[in-house]
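Show me how the following folds:
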Amino acid sequence: MIYFKHFIRHMYMCACVLLAVLGFISCASSTKTAQSVSNQTTQNAITVHVLATSDMHGYFVPWDFSEDVESTRGAMTYLATVIKQQRAKNPNTILVDCGDTVQSNYVEYFIGRKSNPMIQGMNALGYDIWTFGNHEYNFGIADRKKLTSEFKGTTLSGNVFMKKTGKPYLPATTIIERDGVKIGFIGMTTPLIVEFERSKTTLNEVAVKNPMDCIADAIASLKEKGVHAIVGIIHEGLEEENNVYGSGTKDIAEAFPDFDVIISGHAHVAVESERVNGVLLCEPNCYARNLSVIALSFKRNENTWNLDATSATLLAAGKDEDEELAKLLKPYKDELRTFVNTPIGKLINADLSEQDVVPGIAAANVNSVPMLNLMSTAGIYYSGADFTLYNPTYEHPGCTIGGISIKNISSSFQYTTGEISVYPITGKQLKTILEWSAGYFNTWHEDDLTVSFDPKRRESKYSSNFIGGGIAYTVDLTQEQGNRIKNLMLIAKDASGNPTYNADGSFVQTPIDDNTTVKMGTHDYYVRQWVAKAGCLEGQTLSPIYSTREEFGDEGSVRNLTIRYITEHLHGIVDGNTYGYDNWSVKTGIDTTSDVYKKMIRLLQDGALTLPSSKSGRTNIAPITVSMVNAIQ
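Reported below is the predicted structural model:
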């Protein structure tokens, strides 16, 4: 009996052991199966993130060097923080830039020097691809070669070719692999670089084609190499520019649905996500303010990857500066600040700036401003033009009594390379240009308390409100466009280019009628727009007789000629009283002495009332009216 009990106990224990072993095996098998499923899921699906910037325009640190002040809206050092955060979330990332990187914010100061802060910043962040924008072509081929040599990634610009050999100037495509997935990239530059650089020598060695004529070959090349997705990095806005087919990425998406994604640039707008013909389009804004994050999700199908989904989000740069990158770029910041503070003269007697009468509506848009008068005078002096046409690219040009440095000039006029070309035109042509320019304004109505701007013109990347210098006229906003320019006169000048006056203080001037021939000084790029299709002088022929660029080279810009005028002609002493005249203004029926007008000013100052704005934040697109003010108690 005892033996039987021991036998039973022994068999029970063996059974337990056997069950335990079987259970372990079963559990292990179950765990292995789960792991296999998990690994299979990982192996059969992957998401690659493409991080994109565009049109950073020299904002390597949060500083506006044209004014020598902090600017916290965007900077590469801000984006560095966001980029590192995105990489921490997904190591399968690719970082690209869509061009217009090394020009503006005075960073062109570093062109031709040992190193460039924008390139050093991109290298430190590990940018994989850089597509040239139009402003990279502001510089000569030797300078461009130095930039591409300094950049450690791949530079693209596939619609530009060497004239002598016909070979590509820069590649059209490159392939980047992440965890077995091959992404093909196509880089193109707006064909309008031909127009932008027409009077310069920067394109002498190269020929530019429309991207529409180059993309099919690029796509075929990538497909032959077995890419799993095709992404365009194309320095164009979504919409056509100057009515040129192929100058907008919507045109490209319509013609080439083989693209999975197109990253746009150039237009300086924030486009989070749009779809055209099945192609995902996005644009990461400008001035290092945003980062586009494009998600490419793939699924495994037998022995290949298939793109399953695409999406894009737009992240703000924030204000958290990456310390490591900021430290690397600090010497460049210090050097550039020293340069823009270089003294060029002294302003006496009166400021060159003017206060805004209505808070938020820049004086430079609605009447003469002394700084622009000085710039016009300098342009007339050096070019021999009878008058100039500029636009207030910065809405608050000028400086106050005291020392004048380079930054005071650069903060008053945006275009770093904008020259003065001289064109003989008739009075009729001039009036046509000015009438078109006056279309920047909305027509004034009886209830309006403010001058306001046409929403479409205001929304444009480029200002189209041209300011005449050396001529006198009134823009009558009580009239519709086409009948607004009144009392157009040519002002007589002295040997220094300044207006001459009668004994009563009025200008010595003569009427400009339709048949009068006058010499206009302006940027050649504008003239080509005016005579092009849909331009205000469409089909007409204007031929330049002189260019400050041809005589002075890079020193022939409006900025540099103004500096030269101050240092050489005025010997460093600028009398503000000389430039405080009004040669043009707008006319309305606004009663600035009325109680409701005064109330409006107070409400704007207190923030209880704001100027009507567009979705993108462009201000003053509609008037403030009497009824709007009276509605606020």
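
can you list the weak-confidence ranges in the stretch 1-150 of the chain?
Low-confidence segments of the stretch 1-150 of the chain, defined by pLDDT under 70: 1-42.

What segments of it are helices?
In chain order, the stretch 1-150 of the chain shows helices spanning 2-44, 76-89, 117-125, 141-150, with DSSP state H, counting those that start in this stretch as the criterion.

How about the stretch 301-450 of the chain?
323-340, 370-383, 406-410, 427-438.

If you average pLDDT over each of the ones you listed, which is lowest?
Among these, helix 406-410 has the lowest mean pLDDT, at a mean of 93.

for Arg559, phi and psi?
For Arg559, the backbone dihedrals (degrees, to the nearest 10) come out as phi -60, psi -50.

isn't it right up against Asn408?
No - with contact taken as CB atoms under 8 Å, Arg559 and Asn408 are classed as non-touching, separated by 10.6 Å. In this view, the C-beta of every residue, glycine as well, is placed from N, C-alpha and C.

Between these two, point out the one with more neighbours.
Using other CB atoms under 10 Å as the criterion, Arg559 and Asn408 rank with Asn408 on top: 28 against 21.

re earlier: okay, the helices of the stretch 301-450 of the chain in a markdown table with distance to Val208 next?
What follows is the helices of the stretch 301-450 of the chain, written out as a markdown table (distance: least, CB to CB, whole Å):
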| stretch | distance to Val208 |
| --- | --- |
| helix 323-340 | 31 |
| helix 370-383 | 28 |
| helix 406-410 | 29 |
| helix 427-438 | 28 |
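
Of those helices, give the one that comes closest to Leu170.
Ranking those by their distance to Leu170 (criterion: CB to CB) puts helix 323-340 first, at 25.2 Å.

how about the helices of the stretch 301-450 of the chain, which one is nearest Tyr546?
Tyr546 lies closest to helix 370-383 among those, at 6.1 Å (CB to CB).

Which strands and helices lie in contact with that closest one?
Identification of packing neighbours for helix 370-383 by 3 or more CB pairs under 8 Å, 6 or more residues apart in numbering; DSSP states H and E yields strand 387-390, strand 467-469, strand 517-522, helix 548-552, helix 558-564.

for the first one, what is the average pLDDT?
In other words, strand 387-390. Rounded mean pLDDT across strand 387-390 is 96.

Tell me the buried residues in that strand?
Counting neighbours by 16 or more other CB atoms under 10 Å, one finds that the buried residues in strand 387-390 are 387-390.

and of the residues you listed, the nearest to Lys146?
Compare each of the buried residues of strand 387-390 with Lys146 using CB to CB and the shortest gap goes to Tyr390, at 32.0 Å.

what's the burial count for the nearest residue to that closest one once chain neighbours are set aside?
Excluding its sequence neighbours, the residue lying closest to Tyr390 (CB to CB, 6 or more residues apart in numbering) is Ile467, at 5.5 Å. Ile467 has 22 neighbours, counted by other CB under 10 Å.

One more: Ser585?
Counted with other CB under 10 Å, the burial measure for Ser585 works out to 12 neighbours.

what residues are up against the closest residue to it other than its chain neighbours?
The shortest distance from Ser585 to any residue other than its chain neighbours is 4.5 Å, reached at Asn367 (CB to CB, 6+ apart). Taking CB atoms under 8 Å, 6 or more residues apart in numbering as the criterion, Asn367 is in contact with 354, 582, 584-586.

Phe139 now?
Listed by CB under 8 Å, 6+ apart, the contact partners of Phe139 are 102-103, 108, 111, 147, 202.

Most neighbours among these, please name it.
These, ranked by neighbours (other CB under 10 Å): first place Val102, 29 neighbours.

Which residue, neighbours along the chain excluded, lies closest to that residue?
Closest to Val102 by CB to CB, 6+ apart is Met118, at 4.9 Å.

who does Val231 bridge with?
Phe185, Val261 (DSSP bridges).

about what we covered before: need the contacts of Asn367 in a markdown table with pLDDT and secondary structure, can you?
Formatted as a markdown table, the entries for the contacts of Asn367 read as follows, by pLDDT from 0 to 100; DSSP: H, G, I helix; E, B strand; the rest coil:
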| residue | pLDDT | secondary structure |
| --- | --- | --- |
| Glu354 | 91 | coil |
| Asp582 | 96 | coil |
| Trp584 | 97 | strand |
| Ser585 | 94 | strand |
| Val586 | 96 | strand |
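
residue nearest the centroid of the protein?
Central residue of the chain (CA atoms, centre = their mean): His268, 4.1 Å from the mean position.

got the end-to-end distance for stretch 569-577?
Across stretch 569-577, the straight-line distance between its terminal residues is 17 Å, by CA to CA, to the nearest Å.

so how far is that stretch from its chain's centroid?
Centre-to-centre, stretch 569-577 and its host chain are 34 Å apart (CA atoms, centre = their mean, to the nearest Å).

Not counting it itself, show me its contacts.
The contact list for stretch 569-577, computed with CB under 8 Å, 6+ apart, reads 344-352, 370, 374, 378, 381, 401, 404, 496, 566.

Likewise for stretch 205-215?
Taking CB under 8 Å, 6+ apart as the criterion, the residues outside stretch 205-215 that touch it are 141, 158-164, 169, 172, 186, 188-189, 191, 193-194, 234, 236, 244-247, 251-252, 255-256.

quick one: buried residues of that stretch?
Of all the residues in stretch 205-215, those buried under the rule 16+ other CB under 10 Å are 206, 208, 210-212, 214-215.

can I get the CA coordinates of stretch 597-616 in PDB?
In PDB, the C-alpha atoms belonging to stretch 597-616 read as follows (Å, rounded to 0.1, in the frame of the first residue of the first chain):
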ATOM      1  CA  TYR A 597     -12.100 110.100 -36.800                       C
ATOM      2  CA  LYS A 598     -10.400 111.000 -33.600                       C
ATOM      3  CA  LYS A 599     -12.300 108.300 -31.800                       C
ATOM      4  CA  MET A 600     -11.100 105.800 -34.400                       C
ATOM      5  CA  ILE A 601      -7.500 106.800 -33.700                       C
ATOM      6  CA  ARG A 602      -7.900 106.300 -30.000                       C
ATOM      7  CA  LEU A 603      -9.500 102.900 -30.500                       C
ATOM      8  CA  LEU A 604      -6.700 101.800 -32.700                       C
ATOM      9  CA  GLN A 605      -4.100 103.000 -30.200                       C
ATOM     10  CA  ASP A 606      -5.800 101.200 -27.400                       C
ATOM     11  CA  GLY A 607      -6.300  98.000 -29.400                       C
ATOM     12  CA  ALA A 608     -10.000  98.100 -29.100                       C
ATOM     13  CA  LEU A 609     -10.200  98.300 -32.900                       C
ATOM     14  CA  THR A 610      -7.900  96.600 -35.400                       C
ATOM     15  CA  LEU A 611      -7.400  97.000 -39.100                       C
ATOM     16  CA  PRO A 612      -9.100  94.400 -41.300                       C
ATOM     17  CA  SER A 613      -6.600  91.600 -42.200                       C
ATOM     18  CA  SER A 614      -6.400  88.600 -44.500                       C
ATOM     19  CA  LYS A 615      -6.200  85.000 -43.300                       C
ATOM     20  CA  SER A 616      -2.400  85.200 -43.800                       C
END
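
in that stretch, what's buried?
597, 599-601, 603-604, 609, 611-612.

Give me the residues contacting it.
Counting by CB under 8 Å, 6+ apart, 269-270, 358-361, 449-450, 452, 455, 458-459, 590-591, 619-624, 628-629, 632 sit against stretch 597-616.
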